[in-house]
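Enquirer: Sequence first, then the predicted structure:
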Amino acid sequence: MEEIEKRVEALLFSSTRPLSIDEISKILNVENEKTRIAIENLKKRYENSAIEIAETPEGFEMRIKPEYRKEASKVALGYDLSKGMIKTLALVIYKNPIKQSEIVKIQGNRAYEYIEKLERKGLIKTKKIGRTKLVYLSEDIEKYFGMSLKEIKERIEKVISSK
């Protein structure tokens, strides 16, 4: 079982997105139950660490615990967000709230995907208004980044200008 845990850990560490039990099991060619046990063992192993194995609606991911994100963000703001997601989030931060149709005009059709992913991460919320949606920041944005909204704006500006 220890070897399966190491292999699951390597997948979660190297993945840029959450992975489902089925997906991990298929990649490693092991039964779902063995993958599930390995994930539970990894979660226990990381209990006293700044890292956690977390379950999201999309699957499992290895990430920094919220209470340590402020320090980590000094070197890697949005480490788990694509450039497109960061740009979408920046639009929402600066225009909060903003119509989804306006974001799509600026970024193109990929914006729908970015909005969906940001919403699943709990960074934004959407509300249907007419034929579009109103996109606005969630209450958890400051907690997610471990800094104030003002600090987030400053850091996002730096990230966008450097990419």
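Expert: Here it is on my side, so go on. Please read all numbers here as calculations on a predicted model, not as lab measurements.

Enquirer: what sits against residue 136?
Expert: Neighbouring residues of residue 136 by C-beta atoms under 8 Å, 6 or more residues apart in numbering: 92, 96-98, 124-127. Glycine gets a C-beta too; all of them are placed from N, C-alpha and C.

Enquirer: Buried subset of these as a PyMOL selection?
Expert: Only the buried entries of those go into this PyMOL selection, using 16 or more other C-beta atoms under 10 Å:
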select buried, resi 92+98+124+125+126
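
Enquirer: quick one: which of the contacts of residue 136 sit in strands?
Expert: 98, 124-127 (DSSP state E).

Enquirer: of all those, which comes closest to residue 54?
Expert: Distance to residue 54, by C-beta to C-beta, is smallest for residue 124 among these, at 18.7 Å.

Enquirer: Verify the contact between that closest one and residue 92 for me.
Expert: Yes - proximity of residue 124 to residue 92 meets the contact threshold set by C-beta atoms under 8 Å, at 5.5 Å.

Enquirer: And the helices in this structure, which stretches?
Expert: Taking DSSP state H as the criterion, the chain contains helices spanning 2-14, 21-28, 32-45, 69-76, 83-95, 100-107, 110-120, 141-145, 149-162.

Enquirer: Reformat these as a markdown table; add distance to residue 63 and mean pLDDT.
Expert: What follows is the helices of the chain, written out as a markdown table (distance: least, C-beta to C-beta, whole Å; pLDDT from 0 to 100):
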| stretch | distance to residue 63 | mean pLDDT |
| --- | --- | --- |
| helix 2-14 | 9 | 89 |
| helix 21-28 | 16 | 94 |
| helix 32-45 | 12 | 94 |
| helix 69-76 | 9 | 62 |
| helix 83-95 | 15 | 87 |
| helix 100-107 | 25 | 93 |
| helix 110-120 | 14 | 91 |
| helix 141-145 | 10 | 77 |
| helix 149-162 | 17 | 73 |
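
Enquirer: In TSV, list those helices along with distance to residue 54.
Expert: TSV is the format used below for the helices of the chain (distance: least, C-beta to C-beta, whole Å):
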stretch	distance to residue 54
helix 2-14	10
helix 21-28	14
helix 32-45	8
helix 69-76	12
helix 83-95	18
helix 100-107	27
helix 110-120	13
helix 141-145	12
helix 149-162	21
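
Enquirer: Tell me which of those lies nearest to residue 58.
Expert: Of all the helices of the chain, it is helix 110-120 that lies closest to residue 58, at 6.3 Å by C-beta to C-beta.
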